[in-house]
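K.L.:
The sequence isn't on hand, but the structure is:
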């Protein structure tokens, strides 16, 4: 069985695929920079057991990580608790993508995994992937698997935390879709501002990318990431694939 781990700035998103390639289990854990290999190993084995999976059946581990300080602990965890050397998605790994960044080493492993997942699930299509995580990323991939580039902007929660931490009187709010654009209280105003600014931002960036790169052959727009479901009612995506990054790691 294959254990896939997406190590983000806020959360660890994990998934277990059986030998037929079917996703059996998903789980999340808060990312902690000082997590030891033992803490991670005990957590992974426990969450597998709680889902009626024997941890000793894990034969491969695939990791993408945007938190370099955790990589040593993760590798040590896999070696000690699964007796495996994990595959870590990093520059030099052959993914089938043609990276068109000026410096391909700058492309985050999470964006590569998203792109691989998207081209696997939707082959021979121009694609735009919008991933709503700690940062919101938008990436463009051609039907011939060229990763053209994209955008990186602060995510919904990060923007809310910036308001909370950098202002004297603005509170932390629940991140929910507002009923209308006009807020009639401070909380409603923050919720509406966070939500509709992201809707407008994604629409504008996707529109400009299509105009610049895909005017003759329109792309599919794929939504993914922890906050993508929040925007599913706004017709921003052709497809919503919450586990896209796990598919890419697989």
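P.N.:
Nice, thanks for sending it over. Predicted, not measured: the structure shown is a model, and the values here were computed from it. Numbering: from 1, shown residues only.
K.L.:
This structure: helices as residue ranges?
P.N.:
Along the chain, counting by DSSP state H, helices occupy 37-50, 68-81, 109-121, 156-166, 186-213, 244-249.
K.L.:
Please identify the buried residues of the helix or strand bottoming out on mean pLDDT in the chain?
P.N.:
One helix or strand of the chain scores below all others by mean pLDDT, DSSP states H and E: helix 156-166, with a mean of 86. Neighbour-count burial for helix 156-166, counted by 16 or more other CB atoms under 10 Å, picks out 156, 157, 159, 160. (C-beta placed from N, C-alpha, C; glycine too.)
K.L.:
Equivalent analysis for stretch 80-89, please.
P.N.:
Neighbour-count burial for stretch 80-89, counted by 16+ other CB under 10 Å, picks out 81, 82, 84, 86, 87, 88, 89.
K.L.:
picking up where we left off before, nearest to residue 42, of the buried residues of helix 156-166?
P.N.:
When those are ranked by distance to residue 42 (CB to CB), residue 157 comes first, at 27.3 Å.
K.L.:
Can you list the low-confidence ranges for this structure?
P.N.:
Where the chain drops to pLDDT under 70, the residues are 32-33.
K.L.:
need the contact list for the residue nearest to the spatial centre of it.
P.N.:
By CA atoms, centre = their mean, the mean C-alpha position of the chain lies nearest to residue 225, the distance being 4.5 Å. The contact partners of residue 225, by CB atoms under 8 Å, 6 or more residues apart in numbering, come to 130, 131, 132, 133, 136, 242.
K.L.:
again, only this time at 10 Å
P.N.:
Residues counted as contacts of residue 225 (CB atoms under 10 Å, 6 or more residues apart in numbering) are 8, 13, 110, 114, 129-137, 155-156, 241-242, 244-245.
K.L.:
How about residue 228?
P.N.:
Per CB under 10 Å, 6+ apart, neighbours of residue 228: 130-133, 136, 202, 222, 236-237, 240-242, 244.
K.L.:
can you check residue 150 too?
P.N.:
Counting by CB under 10 Å, 6+ apart, residue 150 makes contact with 101, 107, 111, 114-115, 128-131, 137-141, 205, 209.
K.L.:
same thing with residue 112?
P.N.:
64, 89-91, 93, 95, 97, 99, 104, 139, 147, 245, 248-249.
K.L.:
Tell me how far it lies from residue 88.
P.N.:
12 Å (CB to CB, to the nearest Å).
K.L.:
who touches both of the two?
P.N.:
Among the neighbours of residue 112, those also in contact with residue 88 (CB under 10 Å, 6+ apart) are residue 64.
K.L.:
wait, residue 8 sits on residue 114?
P.N.:
No: look at residue 8 against residue 114 with CB atoms under 10 Å: they stay out of range, at 11.8 Å.
K.L.:
Please say which of these two ends up with more neighbours.
P.N.:
residue 114 (32 against 22; other CB atoms under 10 Å).
K.L.:
re the thing from before, touching the least confident helix or strand of the chain from outside, list them.
P.N.:
9-10, 132-136, 153-155, 170-175, 190-191, 193-195, 197-198, 225-227, 230-231.
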